[in-house]
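Novice: Show me the folded form of this:
(one chain, ligands or ions: 2)
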Amino acid sequence: MPLLSPFNLPGRFWRGNLHTHSTLSDGILEPRAVVDAYKDAGYDFMMLSDHFIGNFDWPVADTRAFRSNNFTTIIGAELHAPETSAGELWHIVAAGLPLDFAPAGKHETGEQISRRAHEAGAFIGIAHPSWSQLTIEDGRAIGCAHAVEIYNHGCAIENDRGEGWYLLDQLLTEGTRLTAFATDDAHFKTPDHFGGWVQVKAQSLDPDVLLEALKSGHYYSSQGPLLHDIELNGKELSVACSPVDTITVVCGHSRTCVRTGKAITEASFDLKALEKGWLLKKHSPWFRVTVIDHAGKRAWSNPIWWDEVA
Ligand SMILES: [Zn+2]
Ligand SMILES: [Zn+2]
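Specialist: Ligands and ions are numbered 1, 2, ... in the order given. Modelled structure (predicted):
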């Protein structure tokens with residue numbers, strides 16, 4: 001019975017990082033060194049997302065020369081504009097920008113520059129909600145966003161504020177269909193790299209194909225564990241993954257369904273039991289799956305909407 005997206009789609013998973021800085025802004029490694037670091041660490045693609053502000057002369061890193069048969073890059077940047085509820089600059093990951101993306105206008109807001117990037121073809125992600133102390137109103141404000149950064153490794157390592165699910169879960173419960181991406185936000189000043197990434201399901205390692213897959217939510221996020229399958233067979237929800245100690249189903253309520261053990265690689269949840277646990281559609285229109293390994297590393301599915309799968 002049906003595997004759910006992206007596990008039911010043709011192609012393979014490609015590992016990538018969408019949020020990293022170089023000497024084009026406040027990172028300490030040259031662009032080539034950053035890209036080489038990700039190549040050497042086994043990534044299939046990455047994006048330099050340097051800070052798109054006047055102080056750094058509005059960089060959109062041209063990484064095309066670093067592409068090869070088995071490694072590619074996405075062109076993008078981290079966009080900034082006033083102003084969040086906390087009175088700080090917005091940080092917005094825009095993946096898939098033209099190299100000549102115009103500098104921010106003097107009065108351009110976070111929502112406006114995001115929309116302009118969206119219209120230029122970018123995948124738009126609200127960056128590090130916890131680090132930025134974003135409120136639910138902030139989450140609502142970026143109406144064209146595709147996704148929320150649910151894990152930012154640099155913010156986790158340096159600031160203990162790596163988490164973004166608190167914001168995304170609330171937006172989902174309001175009915176906003178956003179997806180969830182993990183990143184590094186590496187600057188290479190601290191051990192802020194290779195800690196969070198996306199696994200994108202696509203038929204080729206082509207930047208445009210990857211971008212379409214990201215916009216369509218055909219990916220999951222990880223700090224290490226692999227998700228192999230999530231399947232809905234009418235009576236059961238089944239999850240298959242690399243060895244983990246916890247497989248949990250999270251929804252729009254505080255209830256959950258969880259299986260724990262040592263190095264378990266699958267779990268099946270009876271949908272009737274889920275209903276008693278309030279996970280079924282009449283109580284929450286969406287759910288998601290998290291797996292946690294013995295070292296505390298997680299992989300997260302994107303939100304799954306009942307009306308899209310059953
Ligand atoms: Zn940022
Ligand atoms: Zn950043």
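
Novice: Going by C-alpha atoms from here, please, whenever you check contacts or count neighbours.
Specialist: Noted.

Novice: The nearest residue to L178 once chain neighbours are set aside and S284: what is the separation?
Specialist: The shortest distance from L178 to any residue other than its chain neighbours is 4.8 Å, reached at A147 (C-alpha to C-alpha, 6 or more residues apart in numbering). Relative to S284, A147 is positioned 20 Å away (C-alpha to C-alpha, to the nearest Å).

Novice: More neighbours: which of these two?
Specialist: The neighbour count for A147 versus S284, taken as other C-alpha atoms under 10 Å, is higher for A147 (22 against 18).

Novice: any idea which element M47 lies in?
Specialist: Element membership for M47, per DSSP states H and E: strand 45-48.

Novice: What of H80?
Specialist: Assigned by DSSP H and E, H80 falls in strand 72-82.

Novice: and what of C155?
Specialist: Using DSSP H and E, C155 maps to helix 153-159.

Novice: Would you mark the buried spots in that helix?
Specialist: H153, G154, C155, A156, I157 (16 or more other C-alpha atoms under 10 Å).

Novice: Go through the residues you listed and name the one nearest A86.
Specialist: A86 has its nearest neighbour among those in C155, at 17.1 Å by C-alpha to C-alpha.

Novice: so the closest one makes contact with P129?
Specialist: No - using C-alpha atoms under 8 Å, C155 is not in contact with P129, being 10.0 Å away.

Novice: Overlap of the contact sets of those two?
Specialist: Both C155 and P129 lack any common contact, where contact means C-alpha atoms under 8 Å, 6 or more residues apart in numbering.

Novice: now the helix holding C155: mean pLDDT?
Specialist: Regarding helix 153-159, the rounded mean pLDDT is 98.

Novice: can you pull the contacts of the residue lying closest to W165 once chain neighbours are set aside?
Specialist: Distance criterion C-alpha to C-alpha, 6+ apart; nearest residue to W165, sequence neighbours excluded, is I150 at 5.1 Å. By C-alpha under 8 Å, 6+ apart, the contact set of I150 is H128, P129, G162, E163, G164, W165, L168, A180, F181, A182.

Novice: Can you get me a residue count around T63?
Specialist: With other C-alpha under 10 Å as criterion, T63 counts 18.
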